[in-house]
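Enquirer: Sequence first, predicted coordinates after that:
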Amino acid sequence: QPLMNDLKIFRSAEMLLIRAEAAADANQLGVAAGFIKQLRDARFGSPQPLPAYASQTEAFGGILDERRLELLFEGHRWVDLKRLGNRGNRAIDRDAKECSLLSGCTLGNDDFRFTMPIPFSETAANSAAEQNPGY
């Protein structure tokens with residue numbers, strides 16, 4: 001449309017989470033905790049205690065917990081779990097009633113069903129394309 005800008009918006013909270021993840025990946029656990037504290041301070045409007053991470057697993061778990069709160073209902077959770085779930089010792093958590101009625105409560109973060117199959121039209125058009133594992 002004329003005179004319509006395509007603006008990309010990044011929230012400062014998401015940038016803090018990305019920085020915390022990068023710090024945790026570099027094993028700078030104190031720096032990662034500082035970014036999480038900064039995020040919590042802004043969320044609550046008052047100084048919050050500094051989290052203490054004893055390992056990368058704890059740091060990634062804390063980051064995943066904060067991402068869950070900050071990005072609630074935006075559809076990022078399953079991607080976050082696929083990407084960092086094993087590193088943060090987090091998985092899909094479901095209500096017991098739901099698990100009694102449905103299957104899929106025991107899927108691991110690296111299960112092939114988290115990745116969709118590549119459509120046949122795409123693999124037929126490109127002989128070099130490989131189907132995702134499990135399909």
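Expert: Happy to help now that I have it. Numbers count the residues shown, from 1 in each chain.
Enquirer: Which residues does the helix or strand of the chain with the lowest mean pLDDT contact?
Expert: Least confident helix or strand of the chain, by mean pLDDT, DSSP states H and E, is helix 96-101 with a mean of 79. Contacts to helix 96-101, defined as Cβ atoms under 8 Å, 6 or more residues apart in numbering, come from residues Cys105. In this view, the C-beta of every residue, glycine as well, is placed from N, C-alpha and C.
Enquirer: Same check on stretch 11-29?
Expert: Stretch 11-29 has contacts (Cβ under 8 Å, 6+ apart) with 31-33, 35-36, 38-39, 42-43, 53-56, 58-60, 63, 66-67, 70-71, 84.
Enquirer: could you give me the average pLDDT of it?
Expert: For stretch 11-29, mean pLDDT rounds to 95.
Enquirer: Against Arg67, how distant is the residue nearest to the spatial centre of the chain?
Expert: Centroid check for the chain by Cα atoms, centre = their mean gives Asp80 as the closest residue, at 1.9 Å. According to Cβ to Cβ, to the nearest Å, Asp80 and Arg67 sit 5 Å apart.
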